[in-house]
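Participant: Fold the stuff below for me.
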Amino acid sequence: MAYQLLIRTHGVGPANENAKINIGRQGDADTLDKLMLSASMRACSFLWCQFMCFSAEASFTAAALLIPLGGVAVARAVKVAPKYAPLCALPLLFGLQQAMEGMVWVAGGGPDATWVERFSLAYMFFSWIAWPVWVPVSVYFLEPSRRHPLYIAFAVGGAMLGGVRNCLMRS
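Facilitator: The predicted structure follows:
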């Protein structure tokens, strides 16, 4: 099934120029049916999406770049300024998430749906739990102590919302 997206370039091209792009996807068409894109998305954001989330190769390539670079960033942060280490771990974590997405693509071509479910849950762990908790905790270490309760509240709220979403999706 093919999809056509209308992207407003907002200053990335000639004035009032819009790009119509046809997208085809393997696998479950419901995923793209549920995908909502903002009309104000910039063309460069679209280019990132165009190469991500559409194949195992793209996911594994992103993982192959992000995991080692994220590891170097964390190692450097630990030596230079340890309070930045959690924030520097974001590319590493995103690389792991992309590796799980690649495994979903690979497992999707096999006869056993159990592996798709396992890798999908690992992928969704990042979007539902890790990101809503990790980002506020990362910023917690960089902010003055008077703001710490706010970031703890964000982390707890993110964990609760992720947990609720997980429970709703599994029922």
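Participant: Make sure Glu143 is indeed in a strand.
Facilitator: No - counting by DSSP: H, G, I helix; E, B strand; the rest coil, Glu143 is not part of a strand but coil.
Participant: ok, Trp128 to Glu117 distance?
Facilitator: 15 Å (CB to CB, to the nearest Å). All C-beta atoms are positioned from the backbone trio N, CA, C, and that covers glycine.
Participant: ok, those two, which is more surrounded?
Facilitator: Legend: neighbour count by other CB atoms under 10 Å for Trp128 and Glu117, higher for Trp128 (20 against 12).
Participant: quick one: low-confidence parts of this protein?
Facilitator: For the chain, the stretches with pLDDT under 70 are 1-53, 166, 170-171.
Participant: longest helix in it, by residue count?
Facilitator: If you go by DSSP state H, the chain has its longest helix at helix 56-80.
Participant: Determine the set of other helices and strands touching the very next helix or strand once past that helix.
Facilitator: Next helix or strand after helix 56-80 toward the C-terminus (DSSP states H and E): helix 85-88. Applying 3 or more CB pairs under 8 Å, 6 or more residues apart in numbering; DSSP states H and E, we find helix 85-88 packed against helix 56-80, helix 131-140.
Participant: Show residues contacting the first one.
Facilitator: Outside helix 56-80, the residues within contact range by CB atoms under 8 Å, 6 or more residues apart in numbering are 51-53, 84-85, 87-96, 98-99, 101-103, 105-106.
Participant: re earlier: any chance of the helices and strands packed on helix 85-88 in CSV with distance to Tyr151 and mean neighbour count as columns?
Facilitator: Listed next are those as CSV, based on distance: least, CB to CB, whole Å; neighbours: other CB atoms under 10 Å:
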stretch, distance to Tyr151, mean neighbour count
helix 56-80, 18, 16
helix 131-140, 4, 18
